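> no sequence on this one, just coordinates:
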């Protein structure tokens, strides 16, 4: 009886907590887990008339078609390399900005700086695509009509030259994303006890030494966590960045086509639901494996910083 009473008491105490958790759990199930049944489309020769379950089984044919042409290599290369560059740039610049923000003592100025650097993150990619177009337009863009013309250089057709976009896209992405990263890192820097810096000053440590030996070590767990989370999405690309900002220009697909944009075009232009789903499954499985491998490496090097 005592055990039953303890169980009932435990249920009574925790029931409100489980009740509060219920809406979030239902949303997670409906939004994240129920749609997993749709993965079967990747293995079907999908027929709109027959539906998902009535369509004939295709096995691995959709994956075979994806990997037999050069598109799989191009979209995989672009997705991984761009994301690696984005992770590196956003992390380094975010940490630098967070350290600089920590040196501002005027609270009003600090709030203004935080707002200004976070503002681009709040813009939609549609707005950013128009801002980029205002710079890169062949007819009226600021670069062609303002800077290049003043220098006596010939205009450049930016949306027809693939070689420029491995530089343009990282600049646009970093401008939009570094503010959010820096605010997260700044929150960790603020949490560092001032007594560490006071003790370092008494020992004659300069500002750079304080940053290197105090600030950065405290930032390390957050940087590792953010990097691991970013690696988990390394096979996902910002659709707006690679589709809207590039104006969906076919001339630059060699350097702007990623897995996400390829899936979208396969679905809308070719109507091939099976192949688009196969690319999505490939994207998810490889991304999941990468998270496990990177987390395993972190666990061996620094167990306390691993996610799980």
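Structure received. Since the model is a prediction, treat every value here as computed from it, not as a measurement.

> okay, how far is it across stretch 134-154, tip to tip?
18 Å (CA to CA, to the nearest Å).

> so which bits of that stretch are buried?
136, 137, 141, 143, 144 (16 or more other CB atoms under 10 Å). No exception for glycine: its C-beta is placed from N, CA and C like everyone else's.

> among those residues, which two are most distant?
Spanning the widest gap among the buried residues of stretch 134-154 are 137 and 143, at 8.6 Å by CB to CB.

> nearest to residue 173, of the buried residues of stretch 134-154?
Distances from residue 173 to these, taken by CB to CB, are shortest for residue 136, at 15.3 Å.

> could you measure from that closest one over to residue 147?
As judged by CB to CB, to the nearest Å, residue 136 and residue 147 stand 11 Å apart.

> likewise residue 182?
28 Å.

> repeat that for residue 92.
27 Å.

> repeat for residue 298
From residue 298 to residue 147 the distance is 44 Å (CB to CB).

> which element is residue 90 on?
Per DSSP states H and E: residue 90 is located in helix 71-102.

> give the buried residues for that helix.
71-72, 74-76, 78-80, 82-83, 86-87, 89-91, 93-95, 97-99, 101-102.

> now do stretch 224-242
Across stretch 224-242, burial judged by 16+ other CB under 10 Å covers 224, 226-228, 230-232, 234-238, 240-242.

> now swap in stretch 161-175 and tell me
Buried-residue list, stretch 161-175, by 16+ other CB under 10 Å: 162, 164, 165, 168, 169, 170, 172, 173, 174, 175.

> got the residues you listed as CSV, with distance to residue 280 columns?
Output for the buried residues of stretch 161-175, formatted as CSV (distance: CB to CB, whole Å):
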residue, distance to residue 280
162, 25
164, 29
165, 24
168, 27
169, 22
170, 25
172, 25
173, 22
174, 27
175, 29
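
> any chance of the residues you listed in JSON lines, plus pLDDT and distance to residue 19?
Listed next are the buried residues of stretch 161-175 as JSON lines, based on pLDDT from 0 to 100; distance: CB to CB, whole Å:
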{"residue": "162", "pLDDT": "91", "distance to residue 19": "55"}
{"residue": "164", "pLDDT": "94", "distance to residue 19": "55"}
{"residue": "165", "pLDDT": "95", "distance to residue 19": "51"}
{"residue": "168", "pLDDT": "95", "distance to residue 19": "50"}
{"residue": "169", "pLDDT": "95", "distance to residue 19": "46"}
{"residue": "170", "pLDDT": "95", "distance to residue 19": "46"}
{"residue": "172", "pLDDT": "95", "distance to residue 19": "45"}
{"residue": "173", "pLDDT": "95", "distance to residue 19": "41"}
{"residue": "174", "pLDDT": "94", "distance to residue 19": "43"}
{"residue": "175", "pLDDT": "94", "distance to residue 19": "44"}
